[in-house]
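J.: what follows is a predicted structure for the sequence shown.
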Amino acid sequence: MGKLLFWIVVIFGILILTRMLTHYTAQRQAKREQTRAPQAKPLAKAEEMVSCAHCHIFLPQSEAIKQGELFFCSQAHAQAGAVEKRG
Ligand SMILES: [Zn+2]
C-alpha cells in the first residue's frame, strides 16, 4: 500500500511539474509576443474593391481593367462594356 501511495505521489508530482512548465512556457511566449507586437508591421491596408461595369462582380482595383470611369473584371468584359456603351 505504501508503494502505491508513493507512485501516486510521484505521478501527481510529475503532472503538476509538467503543468507548471507548460504554463511558464506559455506565459513567456505570450510576453515575448506582446513585446514584439508593437514592432510588427501593421497589416496591409485593405485594397479598394471595384465592381465590373458589365457583370457587377467585385474585384480589387489593381486587378481591374479601367476604361474611362468604368472598371471591368476582364478584357472581354471591357470590350463588351465598350460595345454596350456605344450601342
Ligand atoms: Zn465582368
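T.: Okay, I see it.
J.: list the buried ones in the lowest-mean-pLDDT helix or strand in the chain?
T.: The helix or strand of the chain with the poorest confidence is helix 75-86; it has a mean of 84 (mean pLDDT, DSSP states H and E). For helix 75-86, the neighbour count (16 or more other CB atoms under 10 Å) marks 77, 78, 80, 81, 82 as buried. Heads up, the C-betas are built off the backbone N, CA and C, glycines and all.
J.: stretch 48-58 near the ion anywhere?
T.: Yes. On the criterion CB under 5 Å from the ion, stretch 48-58 is in touch with the ion at 52, 54, 55.
J.: look up phi and psi at the first one.
T.: What that stands for is residue 52. As for residue 52, its main-chain torsions (degrees, to the nearest 10) stand at phi -70, psi 130.
J.: and if you look at the second one?
T.: Geometry field for residue 54 lists phi and psi as phi -90, psi -60, criterion degrees, to the nearest 10.
J.: wait, it touches residue 73, no?
T.: Yes. Residue 54 is within contact range of residue 73, at 7.4 Å (criterion: CB atoms under 8 Å).
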